[in-house]
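Enquirer: attaching a predicted model along with its sequence, questions to come.
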Amino acid sequence: MLHHLPDASPEKVQGAEIHEGDWVTPGSVKLWNYTIDGIQEIFKDNVEIDEDKKSMTMVAVGGHIIEQYKAAYQVFPKGESG
């Protein structure tokens, strides 16, 4: 699960916590603390699930990254694409 990422890469991801909801419910918001090029930043994400397309999308809803990018990360079943 993603909440173990700070344990796997503590030099890049310093923490992750639930802001709203929980770790597994779609619509829950997580707050991440990370470092890029020595600069500490934050990232809030909301996971959206589309059962029909069998896809999961992690959407940036807050933090430094949305000042520069419209950020989304999608996952599809093996062998398929959106």
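Expert: Sure, I can see it.
Enquirer: so how far is stretch 6-25 off the chain centroid?
Expert: What separates the centre of stretch 6-25 from the centre of its chain is 9 Å, taken as C-alpha atoms, centre = their mean, to the nearest Å.
Enquirer: so which bits of it are buried?
Expert: Judged by neighbour count (16 or more other C-beta atoms under 10 Å), stretch 6-25 contains these buried residues: 6, 13, 16. In this view, the C-beta of every residue, glycine as well, is placed from N, C-alpha and C.
Enquirer: point out where the protein drops to low pLDDT.
Expert: 1-5, 71-73, 80-82 (pLDDT under 70).
Enquirer: all strands of it, in order?
Expert: Ranges of strands within the chain are 13-20, 29-36, 39-50, 55-63, 72-75, based on DSSP state E.
Enquirer: quickly run through the sheet partners of the second one, with directions.
Expert: Pointing back at strand 29-36 there. Partners of strand 29-36 in the sheet, by DSSP bridges, are strand 13-20 (antiparallel), strand 39-50 (antiparallel).
Enquirer: buried ones in it?
Expert: Within strand 29-36, the residues scored as buried using 16+ other C-beta under 10 Å are 30-32, 34.
Enquirer: same deal with the third one?
Expert: Buried residues in strand 39-50, counted by 16+ other C-beta under 10 Å: 43-47.
Enquirer: and it, C-alpha only, in CSV?
Expert: Below are the C-alpha coordinates for strand 39-50, written out as CSV (Å, rounded to 0.1, in the frame of the first residue of the first chain):
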residue,chain,number,x,y,z
ILE,A,39,13.1,21.4,-1.0
GLN,A,40,10.3,20.1,1.3
GLU,A,41,6.9,20.2,-0.2
ILE,A,42,3.4,18.9,0.4
PHE,A,43,0.9,17.1,-1.8
LYS,A,44,-2.8,16.3,-1.2
ASP,A,45,-4.4,13.6,-3.3
ASN,A,46,-7.9,12.2,-3.8
VAL,A,47,-8.3,8.7,-5.3
GLU,A,48,-11.2,8.3,-7.8
ILE,A,49,-12.3,4.8,-8.9
ASP,A,50,-14.2,4.2,-12.1
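Enquirer: what's in contact with that strand?
Expert: 14, 19, 26-35, 55-65 (C-beta atoms under 8 Å, 6 or more residues apart in numbering).
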